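> Predicted model and sequence below, questions to follow.
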Amino acid sequence: MAVVADVVERLRAVESSAEASDGIVCFARLYREVTESVGAELVASTFANATFLEQLDVAFADLFFEALAGFARDPALVPDAWVPLFASRSRRGIAPLQFAFAGMNAHINRDLPIVLVAICETRGVELRRGSPEHADFERVNDLLARVEERIKQSYLHGWVAWLDRIVHRVHRLDDVIAMWDIRVAREAAWTNAETLWAVRGDPAMRADFVRTLDRTVGLAGRGLLVPADTWLRRLARKLGA
């Protein structure tokens with residue numbers, strides 16, 4: 001059975017598959033760092049249901065890998081939520097942080113509700129607030145918020161960021177950062193999972209809900225990928241600053 005360490009290795013392979021500026025690579029880097037932190041926490045901490053969390057993490061990652069492989073075969077069959085990132089991966093003018101957030105948007109807002117329901121069904125666990133699994137989910141939210149903030153600051157601090165904000169007073173990247181919050185996204189994912197759980201006995205309604213969610217998340221992804229990079233940041237990356 002796959003474990004979190006296997007997910008990390010697969011993400012490293014994605015990272016090495018293209019240039020560092022590639023949109024999917026930018027997302028894979030963030031995803032890998034987040035996954036490493038979750039894996040370390042699973043080893044170091046006591047969760048009510050650590051097995052549930054690990055299975056959730058692996059199944060969650062599988063949806064990204066399946067979407068990525070599917071896009072290479074036939075883009076028309078890939079969930080709408082993933083299309084903005086995959087289709088824009090080489091587009092100029094999009095900052096690495098935008099690619100990373102667009103990937104997290106698709107993965108958390110679209111994939112997470114689906115996989116939460118699937119794992120609960122597989123393990124015979126009731127998906128509800130107040131459960132041990134929900135408490136563990138909330139603890140992971142706190143961890144991910146800390147990791148996200150650290151990674152976000154790595155994009156925004158330093159002399160390049162300081163000078164960039166002087167040269168470019170109206171900064172689209174600030175708007176993108178304000179649009180995205182991993183804790184809020186995961187809370188919404190749990191709520192959407194509760195809705196899916198409630199209609200799990202009605203395949204047609206369940207499919208309609210997922211289809212609508214998929215399209216809505218895709219629209220948000222396009223908003224996150226409106227070009228916001230600047231010539232100064234691009235120059236700094238080329239120089240390795």
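It's in.
> quick one, what contacts the closest residue to Tyr31 other than its chain neighbours?
Excluding its sequence neighbours, the residue lying closest to Tyr31 (C-beta to C-beta, 6 or more residues apart in numbering) is Leu11, at 5.7 Å. Just so you know, the C-beta spots here come from the backbone N, C-alpha and C atoms, and that holds for glycine as well. Contact analysis of Leu11 by C-beta atoms under 8 Å, 6 or more residues apart in numbering lists Ala28, Tyr31, Arg32, Thr35, Ala61.
> Give me the spatial nearest neighbour of the first one, chain neighbours excluded.
I take that to be Ala28. In space, Ala28 is closest to Val14, 4.1 Å off (C-beta to C-beta, 6+ apart).
> Assess the claim that the one you found and Leu68 are in contact.
Yes - contact criterion C-beta atoms under 8 Å: Val14 and Leu68 qualify, at 7.2 Å.
> what do the two both touch?
Contacts common to Val14 and Leu68, judged by C-beta under 8 Å, 6+ apart, are Ile24.
> Which of the helices or strands spans Glu19?
Assigned by DSSP states H and E, Glu19 belongs to no helix or strand.
> So which residue is smack in the middle of this protein?
Geometric centre of the chain, nearest residue: Met104, 2.0 Å, by C-alpha atoms, centre = their mean.
> name the helices or strands packed onto the helix or strand hosting that residue?
Using DSSP H and E, the element containing Met104 is helix 96-104. Where contact means 3 or more C-beta pairs under 8 Å, 6 or more residues apart in numbering; DSSP states H and E, helix 96-104 is packed against helix 23-44, helix 83-87, helix 132-156, helix 172-179, helix 203-224.
> want to throw those helices into TSV with distance to Glu54, mean neighbour count and mean pLDDT?
TSV is the format used below for these (distance: least, C-beta to C-beta, whole Å; neighbours: other C-beta atoms under 10 Å; pLDDT from 0 to 100):
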stretch	distance to Glu54	mean neighbour count	mean pLDDT
helix 23-44	6	20	90
helix 83-87	26	22	98
helix 132-156	11	16	81
helix 172-179	30	15	60
helix 203-224	24	16	96
